[in-house]
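A.B. asks: For reference, the sequence and a predicted model appear below.
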Amino acid sequence: MAGIKDVAAHAGVSVATVSRVLNDSPKVSQEARTKVHAAVEALRYRPNAVARSLRTEATHTLGLIIGDILNPFFAVLARAVEDEARAAGYTVVIGNADERPEQQDHYVRTLLEHRVDGLLICPTAEITPLVEDCVEAGGPLVFLDRTLPGLNVPSVRADGTRAIHELVEHIRDLGHRRIAFISGPELLSTGRERTQAFLDAMRANGLEAREEYVEAGDFQEASGRGIAARFLDLPEPPEVIFAGDNLMALGALDEIRARGLRIPDDVALASFDDVAWFVHVDPPITAIAQPAEELGRRAVRALLERIQHRPVESVVLPARLVIRRSCGETETR
């Protein structure tokens, strides 16, 4: 089936010009319009939801597609997006991709067909044809929390590199040397970035990142518990387990408790992603806090700028280390 790129190549014009013709934009010459319509007919091109949707009339509705609504980080993020959008006079429609590309595309298609003015997407690991079409069509789109390589889309995300270095240094200063890491999926930008930051931090602090101490989970509770179990079953188990997100930290915590082990006396625990209930655990859990509320607010502002056809730069906000007692040190205030 022919795509918008094929139409552009056949007509000898840019993808942006094809998009303008399909959206009845007046900013196209009659010659270019004729070429595009001829190419559409010759190739039997059927405009998809992307080409049909993002027109000039405003609906004052924004679409938000998040990775996992059950993850507390995404819940806070979504609330901030909704609050900021409401203050600007917009309604937000939320879709839960459940970390599945096909589910993500279902919501992309549905939201575009409902004429949203713009899209905020926390992308899954795969670059799907529908998301590519969104980028090529030039409609208002901003990536939130994650990025996709090779796609020129402004993003709003957190960078935990410095905080991870501070965490590893903190753990080293407490006297621990055997640190295990439950990483996120390598295909996700957040998984890759956190893993690389951890490996770099271990080297910078003169510590060995042993191969058996690094394993990728899927940002879900069950994978955190399963990987923690494998770490604890090693002939020389780690002294510290660092989980790459809050749900995997919960799974690791369950496994530690099920074995009757004490935190931090038998094994210490830390997490990327701070959540409200970490302070209610005994001992409270050391964590890296992402500025979820600010990320949500900044993402909405960036998307509204795109809707107004203004240039938008990507935003990177720092995460911060919150030291509590789960690695062995008295909680800071």
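C.D. replies: Arrived safely.

A.B. asks: my guess is Ser326 meets Thr286, correct?
C.D. replies: Yes - with contact defined as Cβ atoms under 8 Å, Ser326 reaches Thr286; the gap is 5.0 Å. Any C-beta I mention is one placed from the backbone N, CA and C, and that applies to glycine too.

A.B. asks: what's the following helix or strand after the lowest-mean-pLDDT helix or strand in the chain?
C.D. replies: When each helix and strand of the chain is scored by mean pLDDT, DSSP states H and E, helix 49-53 comes last, with a mean of 51. As assigned by DSSP states H and E, the chain's next helix or strand after helix 49-53 is strand 61-66.

A.B. asks: in its sheet, what does that next one sit against?
C.D. replies: Next to strand 61-66 in the sheet, as set by DSSP bridges, lie strand 91-96 (parallel), strand 118-121 (parallel).

A.B. asks: Same list as before, those that is, but in JSON lines and with mean pLDDT included.
C.D. replies: Compiled in JSON lines, the strands paired with strand 61-66 are given as follows (pLDDT from 0 to 100):
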{"stretch": "strand 91-96", "mean pLDDT": "95"}
{"stretch": "strand 118-121", "mean pLDDT": "96"}
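
A.B. asks: Just name the most buried of the ones you listed.
C.D. replies: Among these, ranked by average contacts under mean count of other Cβ atoms under 10 Å, first place goes to strand 118-121 (a mean of 27).

A.B. asks: now the helix or strand following that one: how far from the chain's centre is it?
C.D. replies: Note on strand 118-121: by DSSP H and E, the next helix or strand toward the C-terminus is helix 129-137. Centroid separation between helix 129-137 and its chain, computed with Cα atoms, centre = their mean, to the nearest Å, is 18 Å.

A.B. asks: Pull the contacting residues for Ala299.
C.D. replies: Applying Cβ atoms under 8 Å, 6 or more residues apart in numbering, we find Ala299 in contact with 81, 120, 142, 144, 156, 315.

A.B. asks: overlap in contacts of Ser326 and Thr286?
C.D. replies: 269-270.

A.B. asks: how close does the nearest residue to Glu208 once chain neighbours are set aside get to Val281?
C.D. replies: Closest residue to Glu208 apart from its sequence neighbours, by Cβ to Cβ, 6 or more residues apart in numbering: Met202 at 7.0 Å. Distance, Met202 to Val281, using Cβ to Cβ, to the nearest Å: 26 Å.

A.B. asks: Compare neighbour counts for these two and give me the winner.
C.D. replies: The neighbour comparison of Met202 against Val281 (other Cβ atoms under 10 Å) goes to Met202, with 22 against 17.

A.B. asks: Please give the element, helix or strand, for that one.
C.D. replies: Under DSSP H and E, the secondary-structure element containing Met202 is helix 189-204.

A.B. asks: Which helix or strand lies directly C-terminal to that helix?
C.D. replies: Proceeding N to C from helix 189-204, the next assigned helix or strand is strand 214-216, under DSSP H and E.

A.B. asks: Count the neighbours of the residue nearest to Ile66 when sequence neighbours are not counted for me.
C.D. replies: Distance criterion Cβ to Cβ, 6+ apart; nearest residue to Ile66, sequence neighbours excluded, is Phe74 at 4.5 Å. Counted with other Cβ under 10 Å, residues neighbouring Phe74 total 22.

A.B. asks: can you state the direction angle for the helix or strand hosting Phe74 and strand 61-66?
C.D. replies: For Phe74, the element it lies in under DSSP H and E is helix 72-87. Helix 72-87 runs at 170 degrees relative to strand 61-66, counting by axes from the mean of the first three to the mean of the last three Cα atoms, to 10 degrees.

A.B. asks: Report the distance from helix 72-87 to the chain centre.
C.D. replies: Using Cα atoms, centre = their mean, the offset of helix 72-87 from its chain centre is 14 Å.

A.B. asks: Give the buried residues for that helix.
C.D. replies: The neighbour-count check on helix 72-87 (16 or more other Cβ atoms under 10 Å) flags 72-74, 76-78, 80-82, 84-85 as buried.

A.B. asks: Please apply the same query to stretch 174-190.
C.D. replies: Of the residues in stretch 174-190, 176, 178-185, 188-190 count as buried by neighbour count, 16+ other Cβ under 10 Å.
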